[in-house]
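Novice: Give me a 3D structure for the following:
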Amino acid sequence: MNILLIFFLSSVFAGILPVWIGHGKDRALILDHGEEALFQWNSDSLTGVMIRNSKTKKVIQNLKVDGDWTNLGSDSDHNRESIAAKMDVNFDGNGDLLIESSSGSAGTLYRIFLYDPKSKNYLVNPENLIWNPAPDQKARILRGGPSDMKQKTYLWTGQKLTLKK
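Specialist: Next comes the predicted model:
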């Protein structure tokens, strides 16, 4: 029991597991840089993500969700907690935001929003999609792919995710 608690707490502080606060519609994912992400819903469809300052609640950025992001969860918080993650996927030391775009028997397809420390915003690039992402910090590569297939290796070319040849 103590070992599990230590693993959980160390994972939370290392940024491996997402940390959620609040309840219902006010539920937010804690991000780096003193920010939180609030997910905006219309029934079971995600319509947008608001990034705001955790202390002042001032809106920093609104991420618009295009029409292909639908039916990502039910009204339960449990299902909605699995739609987002934060991790450094481009190995620049900043926590990036990953939001579920689709899920099924092949796993979960995530859209990646890279954090830009200069603008202090998350960058939107519709091409940055990956199944079941697994960053390898040491090798500075990102692996991913549908769970029923061999994982592929991806590299970053600027702010674009590209398949390693």
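Novice: residues in contact with the residue nearest the centre of the chain?
Specialist: The C-alpha lying nearest the average C-alpha coordinate of the chain belongs to Leu98 (C-alpha atoms, centre = their mean; 2.0 Å). Neighbouring residues of Leu98 by C-beta atoms under 8 Å, 6 or more residues apart in numbering: 84-87, 89, 110-113, 133. C-beta: built from backbone N, CA, C; applies to glycine.
Novice: just checking, next helix/strand downstream of the helix or strand hosting it?
Specialist: Assessed by DSSP states H and E, Leu98 sits inside strand 96-104. Sequence order places strand 107-116 as the next helix or strand after strand 96-104, per DSSP H and E.
Novice: what comes into contact with the helix or strand just after that next one?
Specialist: Next along the chain after strand 107-116, taking DSSP H and E as the criterion, comes strand 121-123. Outside of strand 121-123, the residues within contact range by C-beta under 8 Å, 6+ apart are 51, 60-61, 63, 96-97, 113-116, 159.
Novice: avg pLDDT for the following helix or strand past strand 121-123?
Specialist: Later in the chain than strand 121-123, the nearest helix or strand by DSSP H and E is strand 129-131. For strand 129-131, mean pLDDT rounds to 90.
Novice: Strand partners (parallel or antiparallel) of the helix or strand following strand 129-131?
Specialist: Next along the chain after strand 129-131, taking DSSP H and E as the criterion, comes strand 134-136. Strand 134-136 pairs in its sheet with strand 141-144 (antiparallel), by DSSP bridges.
Novice: List the buried residues in the strand it pairs with.
Specialist: For strand 141-144, the buried set under the neighbour-count rule, 16 or more other C-beta atoms under 10 Å, comprises 142-144.
Novice: And the helices in this protein, which stretches?
Specialist: 2-14, 77-81 (DSSP state H).
Novice: Pick out the shakiest of those, pLDDT-wise.
Specialist: Among the helices of the chain, helix 2-14 carries the lowest mean pLDDT, a mean of 38.
Novice: coming back round to it: list just the nearest of the buried residues of strand 141-144 to Thr47.
Specialist: For the buried residues of strand 141-144, the closest approach to Thr47 (C-beta to C-beta) belongs to Gly144, at 25.8 Å.
Novice: Now do the contacts for the nearest residue to the closest one once chain neighbours are set aside.
Specialist: Leaving aside its chain neighbours, Gly144 sits nearest to Ile130 (4.1 Å; criterion: C-beta to C-beta, 6 or more residues apart in numbering). The contact partners of Ile130, by C-beta under 8 Å, 6+ apart, come to 109-110, 112, 142, 144, 154, 161.
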